[in-house]
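A.B. asks: Sequence and predicted structure are below.
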Amino acid sequence: MTDTTHESRGRLPRTAAVIPAAGSGQRLGPGIPKALRPLGGTPMLVHAVRAMARARAVVLVVVVAPSAEVEAVRSLLDEHPPPSGVDQLVVPGGATRQESVRSGLDVLPEDIEVVLVHDAARPLVPVDTVDAVAAAVRAGAPAVVPALPLTDTVKEVAPPSAVGAPEPVVATPDRSLLRAVQTPQGFERATLVKAHDRLAGVAEAAATDDAGLVERLGVPVVLVLGHEEAFKVTRPLDLVLAEAVLARRRLNDGF
Ligand code: C5P
């Protein structure tokens with residue numbers, strides 16, 4: 001069983017989780033911000049915070065909230081306190097995911113050595129996956145990403161000749177060499193901060209994940225095996241799947 005005492009965490013490099021949760025989540029449909037939508041009666045964000053706070057190494061969880069929701073998110077997290085030995089902080093996010101992560105990095109205490117960046121939109125990541133990412137960083141990798149092989153074949157397309165016209169295919173990459181990446185992505189703190197410092201505001205550097213920024217520094221990024229339950233809740237069907245995963249966990253272990 002995972003040991004969550006303050007003493008056991010103290011022997012590991014001090015690790016913080018930054019959770020960007022400032023997106024509006026329009027693809028799920030209009031309404032409250034995605035991170036605050038309930039799953040099994042509990043907001044998605046609370047699931048994501050719990051998943052990080054349960055990891056052995058994590059001593060701090062920083063949630064980056066939509067700026068209009070900072071107070072609401074603070075009260076929400078106060079209602080769901082973390083395990084002992086883990087602190088939580090809420091800060092306002094920015095216009096892009098990259099800016100939101102930066103806001104989280106800016107408030108990390110000096111003694112944090114390892115940072116996990118985890119999308120609030122992946123609320124059901126198993127704690128073993130989080131621990132595996134953190135352990136790979138501790139073992140010396142500056143950047144670690146959980147990933148899975150693809151089940152679908154992927155096509156690269158060119159822009160269509162007119163809006164709504166069929167898209168021309170230009171290539172079919174070798175599927176065996178492609179991976180779908182997940183979060184939490186784990187980093188040596190200094191490497192991640194350097195990547196954000198160098199690439200802040202560089203539009204052409206805009207990356208949809210943090211490892212993408214680190215790759216641009218020329219720093220090696222490695223993959224560990226992700227988990228199918230770490231899927232991103234993006235579209236309405238994903239909510240149905242997430243509810244089913246939670247129901248199965250409740251049946252299996254009273255989660
Ligand atoms: O839009 P996408 O699904 O890639 O968002 C991934 C994560 O980044 C989500 O958890 C979302 O809340 C967060 N995000 C953010 N600030 C933004 C945009 C997205 O924190 N401005």
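C.D. replies: That came through fine.
A.B. asks: quick one, helices of the chain?
C.D. replies: For the chain, helices defined by DSSP state H occupy the ranges 6-10, 44-53, 70-79, 97-106, 127-138, 189-199, 210-216, 236-253.
A.B. asks: With respect to the ligand, which of the ones you listed lies nearest?
C.D. replies: Each of the helices of the chain was checked against the ligand via CB to the nearest ligand atom, and the shortest separation belongs to helix 97-106, namely 3.3 Å. In this view, the C-beta of every residue, glycine as well, is placed from N, C-alpha and C.
A.B. asks: outside of the closest one, which residues touch it?
C.D. replies: 18-23, 62-64, 91-94, 115, 117, 192-193, 196, 199-200, 206-208, 210, 213 (CB atoms under 8 Å, 6 or more residues apart in numbering).
A.B. asks: Looking at Leu28 now. What's its pLDDT?
C.D. replies: On the pLDDT scale, Leu28 is placed at 71.
A.B. asks: Repeat that for Pro109.
C.D. replies: pLDDT, Pro109: 97.
A.B. asks: ok, now which ones touch Gln88?
C.D. replies: 49, 53, 60-63, 77, 82 are the contacts of Gln88 under CB under 8 Å, 6+ apart.
A.B. asks: One more pass at 7 Å, please.
C.D. replies: Taking CB atoms under 7 Å, 6 or more residues apart in numbering as the criterion, Gln88 is in contact with 49, 61, 63, 77, 82.
A.B. asks: ok, of the contacts of helix 97-106, which come out buried?
C.D. replies: 18-23, 62-64, 91, 93, 115, 117, 192-193, 196, 199, 210, 213 (16 or more other CB atoms under 10 Å).
A.B. asks: Quick check: chain neighbours aside, which residue is closest to Ala207?
C.D. replies: Spatial nearest neighbour of Ala207, excluding adjacent residues (CB to CB, 6 or more residues apart in numbering): Leu213 at 5.0 Å.
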